[in-house]
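J.: Got a predicted structure plus its sequence, pasted below:
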Amino acid sequence: MTTRKKKVSINSHINEHPGVFRENGGHNKKKRLYEINEQKKKQTTISTINNAFESKKEVIEDLIEAFSSANIPLEKVNQLLPFFKKHLKEGGAIPQAPTLRQIYLPN
């Protein structure tokens, strides 16, 4: 005895899984996967923001430490900012000398 297999078509998949597939003008798309991918592209997590903040803070603290150990005045940072922005990944995160002094140096 031979069993016949059920004939499967795109339309039968759409009917069996209405939450996953949708039909738009004859084009079938995987709706759920599309929406998940779009959400991942748009969503910025708190951990990503925290990591960026910590990375920025570390770059600035290391810069201040390097300048102070080499006896270079922090005012020289202002002349180096264009170089930092161009050649360093976190270079745009480095503030000018007065801000460095006010926020990152102890009184």
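T.: Yep, it's here. Everything numeric here is computed off the predicted structure, so don't read it as measured data. Residues are numbered from 1 along each chain as shown.
J.: what's the neighbour count on the closest residue to residue 96 other than its chain neighbours?
T.: For residue 96, ignoring the flanking residues on the chain, the nearest one in space by CB to CB, 6 or more residues apart in numbering is residue 78 at 5.4 Å. C-betas here are computed from N, CA, C, even on glycine. Residue 78 has 13 neighbours, counted by other CB atoms under 10 Å.
J.: what stretches of the protein score poorly on pLDDT?
T.: Across the chain, the ranges flagged by pLDDT under 70 are 1-3, 10, 13, 18-32, 42-44, 107.
J.: chain center to the longest helix belonging to it, what's the gap?
T.: Using DSSP state H to define each element, the chain has its longest helix at helix 46-69. Centroid displacement of helix 46-69 relative to its chain, using CA atoms, centre = their mean, to the nearest Å, is 17 Å.
J.: swap in stretch 88-97?
T.: 18 Å.
J.: Equivalent analysis for stretch 77-93, please.
T.: That offset, for stretch 77-93, works out to 20 Å (CA atoms, centre = their mean).
J.: neighbouring contacts of the host helix or strand of residue 99?
T.: Element membership for residue 99, per DSSP states H and E: helix 97-104. Under the contact criterion CB atoms under 8 Å, 6 or more residues apart in numbering, helix 97-104 has outside partners 60-61, 63-64, 73-78, 94-95.
J.: about what we covered before: buried sites along whatever helix or strand the residue nearest to residue 96 lives in?
T.: Assigned by DSSP H and E, residue 78 falls within helix 76-87. Across helix 76-87, burial judged by 16 or more other CB atoms under 10 Å covers 77, 84.
J.: Quick one: list the elements packing against it.
T.: On a contact count with 3 or more CB pairs under 8 Å, 6 or more residues apart in numbering; DSSP states H and E, helix 76-87 meets helix 46-69, helix 97-104.
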